[in-house]
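Colleague: 3D, please:
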Amino acid sequence: MILPSLLQSSSPRTWLFYGDSITHGVLHTAGARCFSEHFTERLRFELGRADDVMLNTACSGHNTRQMLQHFPLRVERFKPDVVLLMAGMNDCNSRLADGQHVPVEEFCANLASMISAVRGWGGEVILQTVTPVLPGLAPERELTLPQYNAAIRNLAAELAVPLIDHAAVWETLAAKLPVYMADAFHPNACGHILLAHTVFRALGVFDEAAPSCGLLLPSVIVKIVEMFLRFKRPVIPRLF
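Modeller: Numbering: from 1, shown residues only. Below is the predicted model:
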C-alpha cells in the first residue's frame, strides 16, 4: 500500500497531478472524465474527504524539460502534500523534428529535481510509469518508451519514492489494448477508468461496491459489441 498515512489521517490534503497529455486528460476522453477527476470523486465524495483539494496542472505536449521549467507556477505555488507525477511519453519521442525528445539521463535528472523540490516543502511524490503505445502506430515512441519506464522504476527505487506501475498493468491487456486507447498512445475514457482504478488499488481505496470503482470497463463493452455483431439487424429497438 502506498502512503497509507495520507488517507488514514483526517487532516486535509492537497493532491496534485502533474504530467503531459495523458495526465491532462483532454480531447482524447471525448468529454468524459480523466483519471484525476475519478480520483476526486473517490476521495472527496465517496470517502468523505471533502476538505481535500485535487489539482491537475498537467499540460498536453510537454516533456520533463518543460515540466521543470513551469514547475514554479504549476506545482510549487500550491505546495501540495502529494504530487502524482507521470511523464515520459514525449521525452521518449525519438523523432527529433518534433522537438520533444529528452535523453533518458536528463529525463531522470528532471524528475529527480521535481522530487527534491516537493520534498523540500515536506510533500510526497508518487511516481507513475506510462501507458503503452499501440504496436506499429508510433515507432518513434514505441521502441524507446520501455527504456523510460525502466528508468522511472529505477529512480523510484533509488530515491525511495512510491511507484504506481501502470505500464505493468496495461501489459496484461494484450489484444484488448486498443479498446482502452483513443489513438496510438492516448488513453480514451475507458483507459482513464483503468488508470483511476490502478491508483485506487495502489492507495488501498479500491472498493467494488463504490460507484467510482464499478464503472463500465472495456471487457464488458467488448462483450456487448460482440453480441450485437452476431445479429444481421439491430437488436436495439428504434425509438422513432
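Colleague: Now the strand or helix carrying residue 39: average pLDDT?
Modeller: Using DSSP states H and E, the element containing residue 39 is helix 35-40. Summarised as a single mean, pLDDT over helix 35-40 is 98.
Colleague: which stretches of the protein form strands?
Modeller: 14-19, 53-56, 82-86, 124-128, 163-164 (DSSP state E).
Colleague: Quick one, which of the ones you listed gets closest to residue 187.
Modeller: Ranking the strands of the chain by proximity to residue 187 (C-beta to C-beta) places strand 82-86 first, at 11.2 Å. Every residue, glycine included, has its C-beta placed from N, CA and C.
Colleague: coming back round to it: now the strands of the chain in JSON lines, with mean pLDDT, distance to residue 37 and mean neighbour count?
Modeller: Below are the strands of the chain laid out as JSON lines (pLDDT from 0 to 100; distance: least, C-beta to C-beta, whole Å; neighbours: other C-beta atoms under 10 Å):
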{"stretch": "strand 14-19", "mean pLDDT": "98", "distance to residue 37": "10", "mean neighbour count": "24"}
{"stretch": "strand 53-56", "mean pLDDT": "98", "distance to residue 37": "8", "mean neighbour count": "18"}
{"stretch": "strand 82-86", "mean pLDDT": "98", "distance to residue 37": "13", "mean neighbour count": "24"}
{"stretch": "strand 124-128", "mean pLDDT": "98", "distance to residue 37": "16", "mean neighbour count": "23"}
{"stretch": "strand 163-164", "mean pLDDT": "98", "distance to residue 37": "17", "mean neighbour count": "20"}
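Colleague: quick one: which of those strands is nearest residue 98?
Modeller: Nearest of those to residue 98, taken as C-beta to C-beta: strand 14-19 at 17.7 Å.
Colleague: quick check: angle from that closest one to strand 124-128?
Modeller: Interaxial angle of strand 14-19 relative to strand 124-128 (axes from the mean of the first three to the mean of the last three C-alpha atoms, to 10 degrees): 40 degrees.
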